[in-house]
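Engineer: Sharing a sequence plus its predicted fold:
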Amino acid sequence: MKVYGCLITEGERCDYLIVSCEYKLAFFVELKGHDLKKAIGQIYSSITKLLTEIQEFKIHARIVLNRNPTPDINSSIELKLKKRLKQQNGKDTLALIKYKSNVLEESM
């Protein structure tokens with residue numbers, strides 16, 4: 001479902017939310033040019049705004065970029081999102097946040 005302009009109409013928000021009620025999975029998806037920090041911030045904000053509706057779901061963050069980002073692995077916003085995902089999901093966040101240029105494929 002579309003988040004931008006639909007589920008959340010004001011403030012910073014990501015583009016899409018894909019939900020599997022059967023498996024209790026929620027994927028926040030942001031499509032972005034190259035600004036990885038901005039994309040992470042939009043996902044973080046969206047999770048904050050929708051958390052009460054999906055509090056029993058395992059939350060994942062997915063970012064698809066047009067261009068390769070300038071890596072800043074220890075950026076404060078990325079660390080903040082990883083911490084939040086770990087608190088929500090109760091385990092390592094390595095697979096919970098992914099970003100890739102052009103195409104990001106995943107099987108559920």
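Structural biologist: Received it, and whenever you're ready, just let me know what you need. Numbers count the residues shown, from 1 in each chain.

Engineer: Quick check: next helix or strand after whatever helix or strand residue 50 lives in?
Structural biologist: Following DSSP states H and E, one finds residue 50 within helix 36-50. Where DSSP H and E defines the elements, the next helix or strand beyond helix 36-50 is strand 58-65.

Engineer: Could you pull up the mean pLDDT of the helix holding residue 50?
Structural biologist: Mean per-residue pLDDT for helix 36-50: 92.

Engineer: Repeat that for stretch 56-66.
Structural biologist: Average pLDDT, stretch 56-66: 90.

Engineer: And that stretch, how far out from the chain middle?
Structural biologist: Put simply, stretch 56-66 sits 3 Å off its chain's centre (CA atoms, centre = their mean, to the nearest Å).

Engineer: Next, the buried residues of that stretch.
Structural biologist: Going by neighbour count (16 or more other CB atoms under 10 Å), the buried part of stretch 56-66 is 57-65. (C-beta placed from N, C-alpha, C; glycine too.)

Engineer: Could you export that stretch as CSV, CA atoms only?
Structural biologist: Coordinates of each C-alpha in stretch 56-66 appear next as CSV, following Å, rounded to 0.1, in the frame of the first residue of the first chain:
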residue,chain,number,x,y,z
GLU,A,56,2.9,-7.2,16.6
PHE,A,57,4.7,-7.4,13.2
LYS,A,58,8.3,-8.0,12.4
ILE,A,59,9.5,-4.8,10.7
HIS,A,60,11.9,-4.6,7.8
ALA,A,61,13.3,-1.6,6.0
ARG,A,62,14.1,-1.7,2.2
ILE,A,63,15.6,1.1,0.2
VAL,A,64,16.1,1.1,-3.6
LEU,A,65,18.5,3.7,-4.9
ASN,A,66,19.1,5.0,-8.4
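
Engineer: re earlier: give the buried residues for the helix holding residue 50.
Structural biologist: 36, 39-47, 49-50.

Engineer: Show me what it packs onto, helices and strands only.
Structural biologist: With contacts taken as 3 or more CB pairs under 8 Å, 6 or more residues apart in numbering; DSSP states H and E, helix 36-50 sits against strand 25-32, strand 58-65, helix 76-89, strand 97-101.

Engineer: The closest residue to residue 98 other than its chain neighbours and residue 32, how far apart?
Structural biologist: With sequence-adjacent residues excluded and distances taken as CB to CB, 6 or more residues apart in numbering, residue 98 is closest to residue 62, at 5.6 Å. Using CB to CB, to the nearest Å, residue 62 is found at 11 Å from residue 32.
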